[in-house]
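Trainee: quick one, structure for this:
(chains A and B)
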Number of protein chains: 2
Amino acid sequence: MQRYFVNDNQLNNNHIVIKGSDVHHIKNVMRMQIGDKVICACYQKAYLCEIEDISDTVNCQILEDITKNTNLNGRVSIAHGLVRREKTEEVVRRLTELGCSKYIPLIMKRSIIKLDKISDNKNDRLLKIVKEASEQSQRNDLMEISSILSINDLIKTLKDYDLLLLADANEENFMLKDIDFSNNYHNILVVIGPEGGFDDEEKRVLVKNGFKVVSFGNRVLRTETAPLYAMSVLGFILGEKDED
Amino acid sequence: MQRYFVNDNQLNNNHIVIKGSDVHHIKNVMRMQIGDKVICACYQKAYLCEIEDISDTVNCQILEDITKNTNLNGRVSIAHGLVRREKTEEVVRRLTELGCSKYIPLIMKRSIIKLDKISDNKNDRLLKIVKEASEQSQRNDLMEISSILSINDLIKTLKDYDLLLLADANEENFMLKDIDFSNNYHNILVVIGPEGGFDDEEKRVLVKNGFKVVSFGNRVLRTETAPLYAMSVLGFILGEKDED
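Mentor: Below you'll find the predicted structure:
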């Protein structure tokens, strides 16, 4: 069934008002009628709804709370050196499916992409991908897309996290496996470099601020593969929220 | 440094003869000269070589064995319901980076792709992607690409494996985490369905033949994301060959 994401302020008692581009989708793409059913996801909840009225907005009545927990038992944020648009889009789509909480595009010295090449509508496009991937993977929340940060900006946010990892293809000894995950980390940040990897100074600053340098294995992963590896493995380790 | 894959029969004492399309690459793309150095990977070994002669073949002298183990501590094979060419290519590229041993395209009832739409040169193209991804990720071996199998063909090969997993988005209780990996599995086969998932009869036959049905988490992964999740997590669990 079609799933639409709505905000708190679109929910009022047993009714939900769908607005914006979703109205076009319901009317003209799905050609839905009064009485048809949709799922509305709102702040980690999912509701089975029946369409009551279709005009400039679509008004729905909530029939049932059908929330199924699709969250991991903890948050994983990925900060990723700026890469080409197509790569970013693919990474954002797959990270959403894999349960990532936040994607942070990072300005780094060895990024091929320069900041002035990034168009204004890039973020809108990424939000659209997150929404589509959340619908497809049946998430009830949307992965957050951060504005583009510098490493200094990122460092100001570190108190939010309880484990800081820096993925480095040159690291040979300390593996992800060597982290003691029995510490029950619940808010993990992983920094992954662009194609050219980390500049020495960037690495030094991050390590000084508490990042552990880890290897993702003996093979060199592409910059767009490393986030998927990190998210898959950390998601597996954290487990699903409704597990025992 | 540029890495070329050669066969056993191209290695003779301290010399390696590079043949075929790699010769074109060395002469016309890289424009290498006598005295330039390349890495030749041959049957799980990597050699630093110096070019001695360039003609219809490129003759090299081995200077040093620089083999670094890039294998996992076990084999993971992924059997994947036939999907569109672009998706197959992306999956094959990333699975190679992640250390997968074998990719098996599987004819399944709900595959959108029909067998007669697959062109003869598809396998050559996949082998080229495996070679490129092996060079980039610095593997010394090539991921094997199986010919396209039916489920009945696959079942005839099961004695090779010590753990058989079937990834099902409809499974809600038995997670990958519930497998007792202290059993030290060393040859794992994972079957992943196409976009439409498994047909009931396919699932029944596979389960009857020893497959455990597992969930990859509470989010529904796309058919091209599930193999990357499986390979990342199983690679993490198996660990790297030279670990203690």
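Trainee: check which helices and strands the helix or strand hosting residue A:134 sits against.
Mentor: Using DSSP states H and E, residue A:134 falls within helix A:122-137. Packed against helix A:122-137 by the contact rule (3 or more Cβ pairs under 8 Å, 6 or more residues apart in numbering or on different chains; DSSP states H and E) you find strand A:3-5, helix A:85-98, strand A:144-145. To be clear about C-beta, it is placed using only N, CA and C from the backbone, and glycine gets the same treatment.
Trainee: so, low pLDDT: which residues of chain A?
Mentor: For chain A, the stretches with pLDDT under 70 are A:114-121, A:242-244.
Trainee: at 50 instead, please
Mentor: The model of chain A has pLDDT under 50 over residues A:243-244.
Trainee: get me the contact residues on chain A for chain B.
Mentor: Contact residues (Cβ under 8 Å from any Cβ of the partner chain) of chain A with chain B: A:68-72, A:94, A:97-99, A:136-139, A:175-177, A:217-222, A:225, A:228-229, A:232-233, A:235-236, A:239-243.
Trainee: list buried residues within those residues.
Mentor: Buried members of the residues of chain A next to chain B, scored by 16 or more other Cβ atoms under 10 Å in any protein chain shown, are A:70-72, A:94, A:97-99, A:136-139, A:175-176, A:217-222, A:225, A:228-229, A:232-233, A:235-236, A:240.
Trainee: mind listing which of the residues you listed are in strands?
Mentor: Among those, none falls in strands (DSSP state E).
Trainee: and the residue of chain A nearest chain B?
Mentor: Chain A approaches chain B most closely through residue A:232 (3.6 Å), counting by Cβ to the nearest Cβ.
Trainee: measure that residue to residue B:53 for me?
Mentor: 46 Å (Cβ to Cβ, to the nearest Å).
Trainee: most centrally placed residue in chain A?
Mentor: The geometric centre of chain A, computed from its C-alpha atoms, lies nearest to residue A:143 (Cα atoms, centre = their mean), at 3.2 Å.
Trainee: assess the claim that that one and residue A:94 are in contact.
Mentor: No - Residue A:143 is not in contact with residue A:94 according to Cβ atoms under 8 Å; the separation is 10.6 Å.
Trainee: who touches both of the two?
Mentor: Shared contacts of residue A:143 and residue A:94 (Cβ atoms under 8 Å, 6 or more residues apart in numbering or on different chains): residue A:133.
Trainee: ok, now which ones touch the residue of chain A closest to chain B?
Mentor: A:98, B:228, B:229, B:232, B:233.
Trainee: again, but for residue A:91
Mentor: So residue A:91 contacts A:80, A:83, A:103, A:224, A:227, A:228 (Cβ under 8 Å, 6+ apart).
Trainee: now with 6 Å, please.
Mentor: Each residue near residue A:91 by Cβ atoms under 6 Å, 6 or more residues apart in numbering or on different chains is listed here: A:224, A:227.
Trainee: same deal with the one 10 residues further on?
Mentor: Neighbouring residues of residue A:101 by Cβ under 6 Å, 6+ apart: A:75, A:76, A:77.
Trainee: likewise for residue A:225?
Mentor: Residue A:225 neighbours (Cβ under 6 Å, 6+ apart): B:94, B:97.
Trainee: mind doing that once more with 10 Å?
Mentor: A:91, A:94, A:192, A:216, A:219, B:93-98, B:133, B:136-137, B:228, B:232 (Cβ atoms under 10 Å, 6 or more residues apart in numbering or on different chains).
Trainee: residue A:26 reaches residue A:37, doesn't it?
Mentor: No - look at residue A:26 against residue A:37 with Cβ atoms under 10 Å: they stay out of range, at 11.5 Å.
Trainee: higher neighbour count, those two?
Mentor: Neighbours per residue (other Cβ atoms under 10 Å in any protein chain shown) separate residue A:26 from residue A:37, with residue A:26 holding more: 22 against 13.
Trainee: where does the more buried one land in three-state SS?
Mentor: Put simply, residue A:26 is helix when judged by DSSP: H, G, I helix; E, B strand; the rest coil.
Trainee: closest to residue A:31 out of the contacts of residue A:225?
Mentor: residue A:94 (30.8 Å; Cβ to Cβ).
Trainee: OK, contacts around that closest one?
Mentor: A:100, A:133, A:137, A:224-225, A:227-228, A:231-232, B:94, B:221-222, B:224-225, B:228-229.
Trainee: also residue A:165?
Mentor: Contact analysis of residue A:165 by Cβ under 10 Å, 6+ apart lists A:76, A:78, A:176, A:179, A:185, A:188-192, A:206, A:211-214, A:216, A:230, A:234.
Trainee: equivalent analysis for residue A:57, please.
Mentor: So, once contact is read as Cβ under 10 Å, 6+ apart, residue A:57 ends up touching A:10, A:16, A:17, A:18, A:19, A:20, A:22, A:23, A:26.
Trainee: how does it look with 7 Å?
Mentor: Residue A:57 is in contact with A:17, A:18, A:19, A:23, counting by Cβ atoms under 7 Å, 6 or more residues apart in numbering or on different chains.
Trainee: dump the residue contacts of the nearest residue to the last one once chain neighbours are set aside.
Mentor: Read it as residue A:23. Excluding its sequence neighbours, the residue lying closest to residue A:23 (Cβ to Cβ, 6 or more residues apart in numbering or on different chains) is residue A:58, at 5.4 Å. Residue A:58 sits next to A:18, A:23, A:26, A:51 when contact means Cβ under 7 Å, 6+ apart.
Trainee: mind doing that once more with 8 Å?
Mentor: A:17, A:18, A:22, A:23, A:26, A:27, A:32, A:51.
Trainee: again with residue A:187
Mentor: Here residue A:187 is in contact with A:74, A:75, A:77, A:160, A:161, A:162, A:163 (Cβ under 8 Å, 6+ apart).
Trainee: want to throw the residues you listed into JSON lines with neighbour count and secondary structure?
Mentor: Formatted as JSON lines, these follow (neighbours: other Cβ atoms under 10 Å in any protein chain shown; DSSP: H, G, I helix; E, B strand; the rest coil):
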{"residue": "A:74", "neighbour count": "20", "secondary structure": "coil"}
{"residue": "A:75", "neighbour count": "21", "secondary structure": "strand"}
{"residue": "A:77", "neighbour count": "23", "secondary structure": "strand"}
{"residue": "A:160", "neighbour count": "11", "secondary structure": "helix"}
{"residue": "A:161", "neighbour count": "19", "secondary structure": "coil"}
{"residue": "A:162", "neighbour count": "14", "secondary structure": "coil"}
{"residue": "A:163", "neighbour count": "19", "secondary structure": "strand"}
